[in-house]
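Whatever this is, show me its structure:
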Amino acid sequence: MHRRAAALAVPLTAITLAVSSCANIPEEWRTPAFLRMGEEQLDSRIPTVTGPVGEEPEITFPDAEPPEEELSGIVSEGSGEGELVRVDDLLIANVAQYQWTGPGEGEAVEGQSSYETGAPDLIRMEQMPEQIGDVLVNQPVGSRAVYVFPPLTEEERQQAEASGQPAPEGASVLVIDLMNRYNKGSVVSGEQTTNGGDGLPEVTQEGHSEPTIDVPDTDPPEELEVVPLIEGNGDEVEEGQQVIVQYTGVRWEADEDGDHEVFDSTWSRGGDPFDTTIGAGAVIEGWDEGMVGQPVGSRLLLVVPGSMAYGETEEEAMGAPAGTLVFVIDVLGAYDNPPPAEGAEGEGSESAEGEGSAEEQADASEEDGGDGE
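Sure thing, here's the model as predicted:
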């Protein structure tokens, strides 16, 4: 599963390859260099990285051979008070990779930079190797981290070549710019200007908690209904972007006990924000049409007819919830996706028809990289 084929998988592939080369390094060598040297001092062997965070960095390689141990450190600390990275965050980051090939020599790795693709990366901290994540934890948004991973050993080079993976020369250098973060339980700010109602479900939500959806005992509307409960003031969501949301879904039709039980919710997964490409068939049609054009920071009530969801009948839904569905969605963020990798058109949506429940797709995405529905 792969929604961010170029922007997420490629840099993370680079990270995995780089980290794999450190598998046999003694544990004491893996300590971030800036911690070993003192909190205010970076190891002089780390390449010099300059330029504003959020813009393509300028990198100068030391006039020495690449080190045989792993180095890492924060070269620029952000000012985001109250925006410290946590171990279970979803991060928005710009990532660039370089190869340090010799004394004073190195180059950017083509296709391995968010700045090259024009789209940031989504990084789930819980899925990061310790060598990456430990450096980022408790750092403020706006910080820049640099990592140096030693050259591959001959054995590792042979393993990479045998598996069809590249075996780069020299040390791998990663630069990660922390642009934003979403924590478990993130919600949009502001107060609801309406709770819905007037023939549609009513929604109440207290703080960072799962919303309560009260479905009326009437026939559902025949068309898609989109009601902004909170209208955000961010940019409008565009077709093909990656959106980050909290959501809860119930069926309009009550069960035999007269209840409208939640069939899927990020809150049932600890309030872990969910990400997916929107407007490209990766999710149900009701989501695609209902979210595109809405401002980031909005809380939306979506009433989706079965024809724009999984089907009107149990047979059509094939195990997914049938009939009209009701969603409450907090649109936390929206970010550009990179252009498809060459020869990878269509990879950005592994479920072009939006098949399967949102929870099923989310669970599968966690297994394959956690990058959305």
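
So Thr50 sits against Glu58, correct?
Yes: if you go by C-beta atoms under 8 Å, Thr50 and Glu58 touch, sitting 4.9 Å apart. Yep, even glycine has a C-beta here, placed from its N, CA and C like the rest.

In the beta-sheet assignment, what are the partners of Ile74?
Following DSSP bridges, Ile74 is listed with bridge partners Ala145.

correction: Val326
Val250, Val303.

Find me the pLDDT at it, would you?
Looking at Val326, its pLDDT reads 98.

And it, how close does it get to Thr266?
According to C-beta to C-beta, to the nearest Å, Val326 and Thr266 sit 15 Å apart.

Could you do Glu253 as well?
Taking C-beta to C-beta, one finds Glu253 at 23 Å from Thr266.

These two: which is more packed in?
Thr266 (24 against 14; other C-beta atoms under 10 Å).

Let me see the contact set for the more buried one.
Contacts for Thr266 (C-beta atoms under 8 Å, 6 or more residues apart in numbering) come out as Val245, Gln246, Tyr247, Thr248, Asp272, Pro273, Phe274, Ala362.

On the three-state scheme, the most centrally placed residue in the chain is what?
Taking C-alpha atoms, centre = their mean as the criterion, Leu122 is the residue nearest the geometric centre of the chain, at 3.2 Å. When classified by DSSP: H, G, I helix; E, B strand; the rest coil, Leu122 comes out as strand.

what's around the residue found closest to Ala96 once you drop the neighbours it is linked to in the chain, how many residues?
Nearest non-adjacent residue to Ala96, counting by C-beta to C-beta, 6 or more residues apart in numbering: Ser113, 4.1 Å away. By the criterion of other C-beta under 10 Å, Ser113 has 23 neighbours.

My read is that Ser113 contacts Val95, right?
Yes: using C-beta under 8 Å, Ser113 is in contact with Val95, at 7.1 Å.

re the thing from before, next, the contact list for the residue nearest to Ala96, please.
Pro11, Glu56, Val95, Ala96, Gln97.

Need the worst-confidence member of these.
Checking pLDDT across the contacts of Ser113, the minimum falls on Pro11 at 42.

buried set for stretch 42-53?
Applying a neighbour-count criterion of 16 or more other C-beta atoms under 10 Å, one finds Leu42, Asp43, Arg45, Ile46, Pro47, Val49, Val53 buried in stretch 42-53.

Nearest to Glu206 among the residues you listed?
Val53 (35.9 Å; C-beta to C-beta).

need the strands for the stretch 1-150 of the chain, in chain order.
48-50, 58-60, 71-76, 90-102, 105-113, 121-124, 144-149 (DSSP state E, counting those that start in this stretch).

Of all these, which one is nearest Asn180?
Across these, closest to Asn180 is strand 90-102 (C-beta to C-beta), at 3.9 Å.

got a pLDDT number for the closest residue to Asp272 other than its chain neighbours?
Among residues not flanking Asp272 along the chain, Lys184 sits closest, at 5.4 Å (C-beta to C-beta, 6+ apart). At Lys184, the model reports a pLDDT of 94.

How about Ala9?
The model's pLDDT for Ala9 equals 34.

could you measure Pro151 against Glu65, distance?
For Pro151, the distance to Glu65 equals 9 Å [C-beta to C-beta].

Of the two, which one has the most company?
Pro151 (21 against 14).

Do I have it right that the more buried one meets Glu169?
Yes: the pair Pro151 / Glu169 is scored as a contact, 7.3 Å apart, by C-beta under 8 Å.

in stretch 311-318, what's buried?
Ala317.

Need the contact partners of it.
Pro305, Gly306, Tyr310, Ala320, Ala322, Gly323, Glu355.

rerun at 7 Å
Gly306, Tyr310, Ala322, Gly323 (C-beta atoms under 7 Å, 6 or more residues apart in numbering).

got a pLDDT number for the first one?
I take that to be Gly306. 97.

That one: neighbouring residues, count only.
Gly306, neighbours per other C-beta under 10 Å, totals 22.

And the second one, by the same measure?
The local packing of Tyr310 (other C-beta under 10 Å) involves 26 other residues.

show me what contacts it?
Tyr310 neighbours (C-beta under 7 Å, 6+ apart): Ile284, Ala317, Ala320, Pro321, Ala322.

most surrounded residue in those?
Among those, Ile284 has the most neighbours (other C-beta under 10 Å), with 27 neighbours.
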